[in-house]
Each structure stands twice: as structure tokens, then as C-alpha cells.
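*Asks:* no sequence for this one, just the structure:
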């Protein structure tokens with residue numbers, strides 16, 4: 001992820017339109033916030049819009065604004081999201097859900113850099129940076145004629161594809177450490193880091209909810225968390241323990257998990273047996289079964 005962070009910083013320093021793609025929960029909104037904070041518009045506003053939540057009939061009013069009395073119920077004027085984001089960044093989340101008519105209107109604004117509020121005849125110039133995000137690949141939506149090709153090319157200037165958490169298990173430990181530190185600071189607690197067995201289980205889990213699911217697990221841990229010691233699998237709420245256990249038994253080889261625990265504990269067999277929830281005799285049988293020994297293992 002070091003390479004990804006370096007590219008993100010370069011993208012942020014430019015003023016280019018950005019398209020962020022990734023599965024739900026991979027952190028697209030955090031990326032948008034980072035791009036804004038690290039970019040030339042950091043002093044301006046960051047306005048976030050969930051495109052999937054805007055009804056087609058209200059798209060122009062929500063995005064471009066409306067004048068008082070422009071339609072029934074318009075008791076006051078509203079500037080619109082583009083005007084709110086002027087000299088800043090407009091984050092368009094789930095842009096793949098936008099209706100075709102709305103796509104055409106958005107494209108026109110991106111080309112002209114002007115909006116006209118509903119009920120007005122005077123266009124207003126807007127100066128915004130666009131960061132768009134989707135949990136779908138827009139190229140596939142274009143091929144299926146569900147997304148405008150010309151709008152896709154307008155958005156796809158700087159591209160950031162966020163890999164799912166299951167594809168980068170090496171990032172789990174630092175992410176967990178960050179979330180635990182964040183919660184410790186917020187709640188004035190002293191919850192420790194995960195032990196080797198719990199980390200091994202986390203790395204072997206598929207994380208369908210990605211980073212968001214991992215954050216939820218850490219937050220749930222703090223409901224009844226032990227303090228001043230390493231966190232163990234049994235410290236997690238049962239729902240999360242069952243998730244990790246079912247995923248591990250379905251796909252993760254026992255030898256691989258045991259080898260990781262042994263490396264993390266520097267071949268302390270008493271601690272390894274405890275973390276694997278085995279007796280020492282069971283541990284010795286498994287060592288013989290899998291032909292594991294300190295000399296043949298890379299302990300770094």
C-alpha cells in the first residue's frame with residue numbers, strides 16, 4: 001500500500017478529476033477526504049453527495065439549487081451542492097447509480113462549469129474539483145449501456161482502484177492498531193494489540209465488508225474489552241468469533257496458521273499452544289504432523 005499512498009498524494013496535489021473504485025467498505029470516502037485535505041483546495045469546503053439517494057425528480061434542485069417558490073414546498077432558496085462546494089471539492093459517491101437523465105445534466109455542468117438553479121434563468125459559474133466513487137466498474141456499466149461513455153471519460157482522469165481487504169492481509173495489523181489506538185484515545189481505555197492467533201485468524205478471514213467490517217469488529221471489541229494485555233480471539237463478541245472461525249475452517253490450512261503463530265511467538269511452544277487453544281501434547285503432535293521445526297522456518 002506504500003505505492004498506493006504515494007500515488008494518492010501525487011493525485012491530491014494536482015487539481016485533476018478523480019475516479020475512485022472499490023468494493024463497499026474499502027474506504028472510498030476516506031480517500032476522497034484525503035485527496036481534499038492534501039490538495040490545493042484544502043481551505044475550501046468538502047461536500048459529499050450520495051448519488052444513489054437523490055430521487056430523479058429532485059436531482060437538479062439538490063445539485064444545482066432552486067429559488068424560493070420555484071416549486072411547491074420551496075419555501076426558501078437553496079444554493080445546491082455545486083455552489084456549496086465552490087472553490088472546494090465535490091465528492092460524488094456511488095455515481096454508478098445515477099439515472100441516465102441525471103448523467104446528462106451532470107456532464108453538461110462538468111463541461112460548462114456553470115449551474116442554473118431551478119426557477120432561475122441566470123447561470124452561475126462554479127469552481128469545484130470532482131472526486132467520484134463507485135463500487136461498480138464503470139467500464140462495465142458503459143459496455144452495458146447503463147452509464148454514459150462521455151461522462152465516464154470526463155471522470156476517469158486520475159484513477160484510484162482500492163483493492164479489497166482480503167487481497168492485502170499484510171495491511172490488517174496496522175489498520176487494527178490504528179483503530180484500537182483511535183478507540184483507546186476516544187474512550188480513555190488501554191486495550192492491547194491482537195495476539196498472534198487472533199491476527200492469523202483475521203488475515204485468513206475474507207472480509208466481505210472490507211475495512212468497514214474490520215472497524216466494526218474493533219468497535220464491538222471495546223464493549224467488553226480486556227485492558228493492559230493482548231487481545232485474544234475469545235475476547236471478541238461471539239458473532240465475530242463465529243465469523244472468523246467459520247471462515248478459517250472453510251478455507252485456511254491449519255499448518256499455515258500454526259506456522260504463523262509460531263513465528264509471532266518466536267517458537268515459544270507454551271504460548272503457541274495457548275493461542276491455538278491446544279494442549280502441549282496436541283501442539284507436539286501437530287509439529288510432527290506438519291514437519292515444522294525452528295531451523296526450517298523463516299523467523300526473520
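*Replies:* Received the coordinates, thanks. Everything quoted here is computed from the prediction, not taken from an experiment.
*Asks:* shaky segments in the stretch 101-250 of the chain?
*Replies:* 247-250 (pLDDT under 70).
*Asks:* now the helices for it?
*Replies:* 138-143, 149-155, 172-187, 196-204, 210-221, 238-251 (DSSP state H, counting those that start in this stretch).
*Asks:* from the chain's centre, how far out does the fifth one sit?
*Replies:* Averaging C-alpha positions (CA atoms, centre = their mean, to the nearest Å) puts helix 210-221 11 Å from its chain's average.
*Asks:* check which residues of it are buried.
*Replies:* Using 16 or more other CB atoms under 10 Å as the burial criterion, the residues of helix 210-221 that qualify are 210-215, 217-218, 221. Glycine gets a C-beta too; all of them are placed from N, C-alpha and C.
*Asks:* any idea how far the nearest residue to residue 112 once chain neighbours are set aside is from residue 113?
*Replies:* Among residues not flanking residue 112 along the chain, residue 123 sits closest, at 7.7 Å (CB to CB, 6 or more residues apart in numbering). Residue 123 sits 10 Å away from residue 113, taking CB to CB, to the nearest Å as the criterion.
*Asks:* now do residue 183
*Replies:* With CB to CB as the criterion, residue 183 and residue 113 are 43 Å apart.
*Asks:* neighbour count for these two, which is higher?
*Replies:* For residue 183 versus residue 113, neighbours defined as other CB atoms under 10 Å are more numerous around residue 183 (17 against 13).
*Asks:* ok, now which ones touch the more buried one?
*Replies:* Neighbour list for residue 183: 189, 191, 218-219, 222 [criterion: CB atoms under 8 Å, 6 or more residues apart in numbering].
*Asks:* before we move on, what about residue 283?
*Replies:* When contacts are counted by CB under 8 Å, 6+ apart, residue 283 touches 269, 272-273, 276.
*Asks:* just give me the least confident of those.
*Replies:* Among the contacts of residue 283, residue 276 carries the weakest pLDDT, at 79.
*Asks:* isn't that residue right up against residue 255?
*Replies:* No. Residue 276 is beyond contact range of residue 255, at 11.7 Å (criterion: CB atoms under 8 Å).
*Asks:* so between the two, which is more surrounded?
*Replies:* residue 276 (19 against 13).
*Asks:* contact partners for the more buried one?
*Replies:* Residue 276 neighbours (CB under 8 Å, 6+ apart): 197, 257-258, 261, 283, 286.
*Asks:* host element of residue 32?
*Replies:* Counting by DSSP states H and E, the element that carries residue 32 is helix 28-38.
*Asks:* so what strands line up beside whichever helix or strand comes after that helix?
*Replies:* Later in the chain than helix 28-38, the nearest helix or strand by DSSP H and E is strand 46-50. For strand 46-50, the paired strands and their directions (DSSP bridges) read strand 88-93 (parallel).
*Asks:* pull the residues that contact the strand it pairs with.
*Replies:* 28-29, 32, 35-36, 39, 41, 44-52, 81-82, 106, 128-133.
*Asks:* mean confidence (pLDDT) on that strand, please.
*Replies:* In the prediction, strand 88-93 has an average pLDDT of 98.
*Asks:* state the number of residues packed around residue 191.
*Replies:* 21.
*Asks:* ok, it to residue 271 distance?
*Replies:* Applying CB to CB, the value for residue 191 to residue 271 is 20 Å.
*Asks:* just residue 5 next, same as before
*Replies:* Where residue 271 is concerned, residue 5 sits at a distance of 34 Å (CB to CB).
*Asks:* neighbours of the closest residue to residue 154 other than its chain neighbours, how many?
*Replies:* Excluding its sequence neighbours, the residue lying closest to residue 154 (CB to CB, 6+ apart) is residue 110, at 5.2 Å. When neighbours are defined as other CB under 10 Å, residue 110 has 16 of them.
*Asks:* surely residue 134 and residue 51 touch.
*Replies:* No. The pair residue 134 / residue 51 is not scored as a contact, 9.0 Å apart, by CB under 8 Å.
*Asks:* so what's in contact with these two at the same time?
*Replies:* 94-95.
*Asks:* now the helix or strand that residue 12 is a member of against helix 28-38, angle please.
*Replies:* Element membership for residue 12 (DSSP H and E) is helix 2-13. Orientation check (axes from the mean of the first three to the mean of the last three CA atoms, to 10 degrees): helix 2-13 against helix 28-38 gives 60 degrees.
*Asks:* what pLDDT, on average, does helix 2-13 get?
*Replies:* 90.
*Asks:* residues contacting the helix or strand following that helix, please?
*Replies:* Downstream of helix 2-13, the first helix or strand assigned by DSSP H and E is strand 18-21. Outside strand 18-21, the residues within contact range by CB under 8 Å, 6+ apart are 11, 28, 31-32, 35, 130-138, 155-162.
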